[in-house]
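**Q** Just need the structure, nothing else, for what follows:
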Amino acid sequence: MSARHHVVIGDGLVALEFVAAASLSPGDRLSVIGPQVAQFGRGVAYADEPADALWRYAFLLNSPSDALDPDFVLWMRDRWAWIADAMRGRRPDWLAAGQPYLDRDDIGALNVPRRIYGDYLREQAEATLAGLRRRGVHVDLTADRVTGLEPGPQGLALTLGSGRVVQADSVDVATGGPANQRLDGDDGPASYPCLFGHEQEITERLKPGMSVCCIGANATMLDVLRLCQCVLPERDIRFTAVSTAGRLPAALYAPYPFRLTEPDIGGPYETAAAFLAAMRREIDRASAAGDGVAELRGGFRKVFMEQGLSRFLPDPAEARQVTGPIKDWLLGGTRDAIEDFDRMMADGQTRLVAARVRGIEYSRACAVVICEQAGGVARTIAADIVINCAGPGRSFNFDPLTRSMIDRGWISVCGVSNGLEVGEDCRTTIPGLRHLSPATTVIGDHVFAMPLYDAGQLRQVLRGLKAPAG
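**A** Predicted coordinates for the structure are as follows:
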């Protein structure tokens with residue numbers, strides 16, 4: 001049998017799992033292509049930062065560490081002296097905030113910096129690639145973007161940003177989730193279309209007493225707050241978050257002793273409405289018994305991953321309608337940052353505004369966020385710095401390669417959940433080509449009850465896939 005060439009496009013967690021699952025023989029070739037492939041495994045979510053960056057360890061995992069990956073907790077225990085030393089003198093001080101958990105030797109309850117999880121992924125990536133090389137697989141890492149992909153008689157032809165064309169027998173695309181939805185004026189003289197990639201500009205601009213306005217009240221907004229805490233004493237922070245709901249995610253507290261909600265959903269149900277009513281009853285029952293969002297999220301996720309949503313809601317068309325409500329009901333966020341926001345709100349330094357943002361305009365002195373509150377009431381919010389943290393919304397601004405795959409009908413967007421749909425084992429309509437994103441909500445006949453933005457759930461899904469299609 002002639003040697004095969006398998007290509008993985010991407011440099012983050014999904015790409016790493018695709019590589020780990022690849023069925024390659026001695027003499028085969030593996031190419032990993034991505035703009036940050038030198039830090040393969042991290043991707044954007046767990047990116048490294050310059051050693052002198054104030055925010056290097058500021059952005060925390062949304063979930064307690066053991067809910068993400070129990071092996072990660074063991075990895076941290078072996079390196080705890082290094083972790084504690086690296087945190088010395090940094091603010092905000094997540095180790096101090098986690099002291100009650102450290103006192104009971106519960107490292108897994110901590111929401112540690114995402115960069116540290118990235119260190120863990122880097123070690124796994126290096127070990128995975130080393131294992132492939134030992135087996136005789138030729139491994140190439142290419143720092144570039146794939147700008148074109150064409151099927152042909154010889155397999156798949158990939159055009160890189162450099163102009164080079166690469167031939168492959170099979171390809172896995174793991175280029176990440178959608179970018180922020182854009183808003184009019186979000187790239188003006190005092191505004192930024194997203195946080196990530198603009199941290200240095202924001203920290204250089206930010207001065208004591210300046211007002212910061214975030215469009216969105218989600219995990220990225222909480223990252224912006226922590227960025228402000230890196231730069232300024234808390235007494236000098238003036239911070240507003242604007243969102244249509246006007247509320248924060250629920251803080252995720254690791255249960256102690258460990259337990260998960262054990263829902264009795266019943267079913268099967270014929271309609272999404274009947275299923276959601278049963279699930280809502282179980283959420284209310286468990287909440288009344290003292291279960292928090294972490295117990296609820298973990299318990300329901302366990303049930304759906306083990307039994308499948310189809311066990312409770314067999315009709316795929318009905319199943320597609322439940323992802324949005326379940327996401328809203330079980331929305332959670334980083335404990336430390338939410339506690340800080342609430343504490344600072346009591347002191348008048350942070351505030352939440354319930355409104356829909358229509359755009360950003362500029363006066364000579366500042367940016368002006370144009371909003372519409374309930375009942376169509378107009379409102380404006382002046383700020384020295386505005387950061388778009390709105391998330392993808394329903395616009396789903398995917399990378400050009402994924403967008404091209406959608407436009408050509410190789411993968412599709414679910415008209416109900418607005419997530420991506422791919423075939424069994426992430427196959428597209430093109431032989432030898434697969435695609436997976438955190439925004440994927442349907443794989444083959446499997447409709448996911450909960451989005452795949454949780455890294456632990458995403459890894460579990462990937463490890464259940466079959467070898468790449470050839």
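
**Q** quick one: contacts of the helix or strand harbouring residue 276?
**A** Residue 276 belongs to helix 272-288 when assigned by DSSP states H and E. Residues outside helix 272-288 that contact it (Cβ atoms under 8 Å, 6 or more residues apart in numbering): 261, 263-267, 269, 295-296, 299-300, 312-313, 318-319, 321-322, 325-326, 329. Bear in mind the C-beta positions are built from the backbone N, C-alpha and C, glycine included.

**Q** can you tell me the distance between the two ends of stretch 257-270?
**A** 37 Å (Cα to Cα, to the nearest Å).

**Q** related to what we said a few turns ago, for ChimeraX, write a command that selects the buried ones of the contacts of helix 272-288.
**A** To isolate the buried ones among the contacts of helix 272-288 in ChimeraX, judged by 16 or more other Cβ atoms under 10 Å, type:
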select :261,263,265,269,295,296,299,300,312,313,318,319,321,322,326,329
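
**Q** Just the ones of the contacts of helix 272-288 in strands?
**A** When the contacts of helix 272-288 are checked against strands (DSSP state E), there are no matches.

**Q** hang on, the earlier thing: now the helix holding residue 276 - C-alpha only, PDB.
**A** The C-alpha trace of helix 272-288 is given here as PDB (Å, rounded to 0.1, in the frame of the first residue of the first chain):
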ATOM      1  CA  ALA A 272     -39.300  20.100  22.000                       C
ATOM      2  CA  ALA A 273     -41.800  22.000  24.200                       C
ATOM      3  CA  ALA A 274     -42.700  18.900  26.200                       C
ATOM      4  CA  PHE A 275     -39.100  17.900  26.600                       C
ATOM      5  CA  LEU A 276     -38.100  21.400  27.700                       C
ATOM      6  CA  ALA A 277     -40.900  21.600  30.200                       C
ATOM      7  CA  ALA A 278     -39.700  18.300  31.800                       C
ATOM      8  CA  MET A 279     -36.100  19.500  31.900                       C
ATOM      9  CA  ARG A 280     -37.200  22.800  33.400                       C
ATOM     10  CA  ARG A 281     -39.000  20.900  36.200                       C
ATOM     11  CA  GLU A 282     -35.800  18.900  36.900                       C
ATOM     12  CA  ILE A 283     -33.700  22.100  37.000                       C
ATOM     13  CA  ASP A 284     -36.100  23.700  39.400                       C
ATOM     14  CA  ARG A 285     -36.300  20.600  41.600                       C
ATOM     15  CA  ALA A 286     -32.500  20.300  41.800                       C
ATOM     16  CA  SER A 287     -32.000  24.000  42.400                       C
ATOM     17  CA  ALA A 288     -34.500  23.900  45.300                       C
END
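
**Q** Rounded mean pLDDT for that helix, please.
**A** Helix 272-288 carries an average pLDDT of 97.

**Q** Kindly report the same for stretch 37-45.
**A** pLDDT averaged over stretch 37-45 gives 94.

**Q** next one: stretch 371-383
**A** 94.

**Q** thinking again about what came up before, the contacts of helix 272-288 in helices, which ones?
**A** Among those, the residues falling in helices (DSSP state H) are 295, 296, 299, 300, 318, 319, 325, 326, 329.

**Q** mind checking how far the second one is from residue 255?
**A** Meaning residue 296. Using Cβ to Cβ, to the nearest Å, one gets 10 Å for the distance from residue 296 to residue 255.

**Q** same deal with residue 313?
**A** From residue 313 to residue 255 the distance is 27 Å (Cβ to Cβ).

**Q** again with residue 434
**A** Distance from residue 434 to residue 255, by Cβ to Cβ: 36 Å.

**Q** So between those two, which is more surrounded?
**A** Taking other Cβ atoms under 10 Å, residue 434 and residue 255 do not tie; residue 434 has more neighbours (22 against 18).

**Q** I figured the more buried one hits residue 427, correct?
**A** Yes - look at residue 434 against residue 427 with Cβ atoms under 8 Å: they come within range, at 5.5 Å.

**Q** What separates the first and last residues of stretch 330-337, distance-wise?
**A** End-to-end distance (Cα to Cα), stretch 330-337: 18 Å.

**Q** typo on my end, stretch 201-220
**A** Using Cα to Cα, first and last residues of stretch 201-220 are 17 Å apart.

**Q** picking up where we left off before, what residues sit buried inside the helix holding residue 276?
**A** In helix 272-288, counting by 16+ other Cβ under 10 Å, buried: 272, 274, 275, 276, 278, 279, 282, 283, 286.
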